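> Next come a sequence and a model predicted from it.
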There are 2 protein chains.
Amino acid sequence: MAEQSTKQLTDVVPVPVQAKSDPRADFRLTPATVIVADRDARQVADYLRGVLRPSTGYLLPVVPFAVTPKIELDVTKTAKVGDQGYQLDVTQRGVTIRANTSDGLFAGVQTLRQLLPASIEAKTVQHTRWVVPGGSITDYPRFAERGAMLDVARHFFNPDQVKLYIDQIAQYKINTLHLHLADDQGWRIEIKSWPNLAKYGGSTAVDGDPGGYYTQAQYKDIVAYAASRHITIVPEIDMPSHTNAALASYAELNCDGVAPPLYTGIDVGFSSLCVNKDITYKFLDDVIGELAAMTPGKYIHIGGDEAHSTSPADYQTFENKVLPIVAKHGKFAEGWNEIAKATALPVTAVPQFWDTDGVDDATAAAAARGNKILMSPANKAYIDQQYTPDSPLGLHWAGYVEVKDAYDWDPATTLAGVTQDSQIAGVEAPLWSETIHNSDEIEYLAFPRLAGIAEIGWSPRSTHDWNSYRERLADQGPRWDAEGIDFYRSPQVDWK
Amino acid sequence: MAEQSTKQLTDVVPVPVQAKSDPRADFRLTPATVIVADRDARQVADYLRGVLRPSTGYLLPVVPFAVTPKIELDVTKTAKVGDQGYQLDVTQRGVTIRANTSDGLFAGVQTLRQLLPASIEAKTVQHTRWVVPGGSITDYPRFAERGAMLDVARHFFNPDQVKLYIDQIAQYKINTLHLHLADDQGWRIEIKSWPNLAKYGGSTAVDGDPGGYYTQAQYKDIVAYAASRHITIVPEIDMPSHTNAALASYAELNCDGVAPPLYTGIDVGFSSLCVNKDITYKFLDDVIGELAAMTPGKYIHIGGDEAHSTSPADYQTFENKVLPIVAKHGKFAEGWNEIAKATALPVTAVPQFWDTDGVDDATAAAAARGNKILMSPANKAYIDQQYTPDSPLGLHWAGYVEVKDAYDWDPATTLAGVTQDSQIAGVEAPLWSETIHNSDEIEYLAFPRLAGIAEIGWSPRSTHDWNSYRERLADQGPRWDAEGIDFYRSPQVDWK
């Protein structure tokens, strides 16, 4: 630090009332320094220039604030907002967003977008007065994780479709995208040591629709793109059930050594990896190893749901063997809440509660041991469910989930025994893809409901209010129109 | 306000934790807007630019903080600092001074000067690293008025000499210059309705030295110059005594109708305006009227001290007639503490306590009635007194006033009955000029003592500490050297 001052802030006559030194913040006057002053301050600025010029020899031009209206983004020590929050200050001269991290800045940028007219989202030049309301916002999330899940197994979505969804969800301060990469109907990620998984297991989809998979280069590109939107990818390989695509690709993974045919229906729970074969764990070590190596996030999701073809004892055996493989590759495990039954569940593992009845003893017991729970109650947070019986897309096994349903719940009253925010990792909105095939259909199911899940995960419980929310939601309509998002115009909202 | 946003800060999904609107601060994005971001924020800034460009069509360049190191001076709503204080924040990127008024900014600028190396005061280019210590200062004065007085009657100082003194005292947040414009030895201000006052009454000085006076144009120029240094001029016409120059100029002002000769000695108390002549009040109405018309400050100083040739009854009569004349011309009266004896003293009048024994019943009674008292105890604040018996300049009728004496006192324990800061208008350091003739001699008596009086008037009592002060004072030495101030190098200070 060559720029250190030898002075203290109190080396002044008369001594100041209050001074707080920060030696790392010493400022050096240079020939490039300008004096910024508006009309009210101009006279003093000219005086200061007069004082400083003779000895420094610097030009020190006095420039008005008005010549440089600005949006300042500043990663700097920022009180109160933690590692994801931000402070946003708007004056006539500019907007300043301060945060302790670039994640926080990014969240603040999303707020700034929404403070501008909806036409800011247009793809062509609009002739509008781009005014931001004055004042200050201090903002930070209730829960560390606000997630979306995209099922790319039942139907495949190509990298551009995934990136589009990333851009869309980022607007609502979603910071996690869980990719459901493998299920009975398709295996969607290249595994170099088991190449048939993607090549053969990824070749079809529900209803015999075209399949597809991500090469490792494509997956890494998606991970990087998500990171540029401050979103962490959590890759899921569902197991031991939901594995028909893998079992069809490699006969040796089946207990009877016979590969089943590829599957394009929408039943669940019929498939299972062979719990008592060593090859199963060699396979998973390879798969999880390759996934972990190209996933910078700390979590690998190991599924674990609906293992109806696996006995409870075998399920225990299986999870107790898989969980250490995840740890071996330097990751923590996420899994559907069934994994809470594993006796070897480490406290770092995150069960994802997806049930609808608010009771799950194993998950509550895990929470009592210190595991954090991710909340995705299917009758609230599953955004693939139909809005109403008339919805052209979606299933309804968990019920109909209208916009108000997706908003009107509290993660801290969702599961008996999990009542403290500190027990909750966050919220996630899974979007299963049995009935959807393209971005328009993703959008129709995700919007507006994703925004509600995002708000539940971010905003303080004290702000929860349907009437306020539905008005703010109505404002999102023109934004989605400008962005080309084909959202569901729920009659519960007075759209603009 | 055409730039109003139609949005609220809470029109955002997810709703922010905390928002405080300020509709007057709405910000408009324009083609001139820049996005300011350092390396840590660059990625988010580029993203924001990508969001904003398509619809606005603006360039929105992302510029690093570093390209525009700046000193920002901002008259804006600033908490805690009142109408004279300031907030000064120093980071590696710049210095920001905020204040509610330009007076506050100016005070902050004086602090900034002292935070730079002393060579910043040099008159030629210095090759130094101009580093300001990092951190924050919140600062505001203890008392509203911190004054200096210059006696231009006993010896005359020309406008340039007065301006030089203005520049010197401004550095210590002195905000008032009291000009003692008339005394027995000279009348120093042109009065157009009584032209002999200046022309004849101003023609000599103590010891028969050359006299002089300010034309009204010169006086106005001094007032304007002082204002540019955020200093208010308080003009004094001393009366009813200290008036020999006026009495010598106009015979009709004397009770016996005989003009006395001009006086060049240093006695006091021998002269008096004629209390019972109407012409006296016509004269004063004219003088105060012309003075008030060219004095934007709210105070006219009407002297009133040492009226040893005026009976107590006449003094009452006189002051009770003069005080309404000041009010008639839209001003408040300041006067030496003897004016507190006037039964018609308005509560807006400010007696200036100059006595040394800490007791003055009339002044204490005025304070009890609500008058604010200006503190200038002669044995502390009279910076014309000799430092020691060896001082080549100065008198010593109030004692010797070393640097420590001028600093080690408290306005709230100076006069019995005046113990609350709220009873005190401020402090003033009078510099009488019987023994001084030029700027060097002004400087020798004023520095360092003026800095001590300034600190007593500005800084909180809780900061009062001789050892801290003498160290900070030592730092002023090189500044004064650089400025060419011929200060007294008191042995009480370890000068640098």
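Arrived safely.
> from here on, contacts and neighbour counts on C-alpha atoms
Noted.
> who's in contact with residue A:249?
A:196-197, A:200-201, A:259 (CA atoms under 8 Å, 6 or more residues apart in numbering or on different chains).
> and if you look at residue A:319?
Contacts of residue A:319 by CA under 8 Å, 6+ apart are A:339, A:342, A:344.
> Looking at these, which gets the smallest pLDDT?
Within the contacts of residue A:319, pLDDT reaches its minimum at residue A:344, with 92.
> which residues in the stretch 151-300 of chain A form strands?
Assigned by DSSP state E, counting those that start in this stretch, the stretch 151-300 of chain A shows strands spanning A:176-180, A:182-183, A:186-187, A:232-239, A:299-303.
> Excluding chain neighbours, what is closest to the residue of the stretch 251-400 of chain A found nearest chain B?
Proximity of the stretch 251-400 of chain A to chain B (CA to the nearest CA) peaks at residue A:381, 15.8 Å away. Nearest residue to residue A:381, sequence neighbours excluded (CA to CA, 6 or more residues apart in numbering or on different chains): residue A:429, at 4.9 Å.
> where does that neighbour fall, helix, sheet strand or coil?
strand (DSSP: H, G, I helix; E, B strand; the rest coil).
> ditto for the one 5 residues further on
Assigned with three-state DSSP, residue A:434 falls in the coil class.
> surely it meets residue A:150?
No. Judged on CA atoms under 8 Å, residue A:434 makes no contact with residue A:150 at a distance of 11.3 Å.
> So which bits of the stretch 351-496 of chain A are right by chain B?
Within the stretch 351-496 of chain A, the positions adjacent to chain B are A:451-452, A:454-456, A:458-460, A:463, A:469, A:472-473, A:475 by CA under 8 Å from any CA of the partner chain.
> and residue A:374, that's in a strand?
Yes. According to three-state DSSP, the state of residue A:374 is that of a strand.
> Next step: the residues of the stretch 351-496 of chain A next to chain B restricted to helices.
Here DSSP state H is the test, and these give A:451-452, A:454-456, A:458, A:469, A:472-473, A:475 as lying in helices.
> Just put those residues in a markdown table and tack on neighbour count.
Below are these laid out as a markdown table (neighbours: other CA atoms under 10 Å in any protein chain shown):
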| residue | neighbour count |
| --- | --- |
| A:451 | 25 |
| A:452 | 29 |
| A:454 | 30 |
| A:455 | 27 |
| A:456 | 29 |
| A:458 | 28 |
| A:469 | 23 |
| A:472 | 19 |
| A:473 | 24 |
| A:475 | 22 |
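> and those residues as CSV, adding pLDDT and distance to residue B:248?
Output for those, formatted as CSV (pLDDT from 0 to 100; distance: CA to CA, whole Å):
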residue, pLDDT, distance to residue B:248
A:451, 96, 90
A:452, 96, 91
A:454, 96, 89
A:455, 96, 87
A:456, 96, 89
A:458, 96, 85
A:469, 94, 86
A:472, 91, 83
A:473, 94, 87
A:475, 91, 84
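> so how far is chain B from the residue nearest to residue A:381?
15 Å (CA to the nearest CA, to the nearest Å).
> how many other residues sit next to that residue?
31 (other CA atoms under 10 Å in any protein chain shown).
> what does residue A:112 give?
Neighbour tally, residue A:112, other CA under 10 Å: 20.
> hang on, the earlier thing: wait, doesn't the residue of the stretch 251-400 of chain A closest to chain B sit right on residue A:453?
Yes. The pair residue A:381 / residue A:453 is scored as a contact, 6.6 Å apart, by CA under 8 Å.
> The two: which is more packed in?
residue A:453 (31 against 27).
> Give me the local confidence score for that one.
97.
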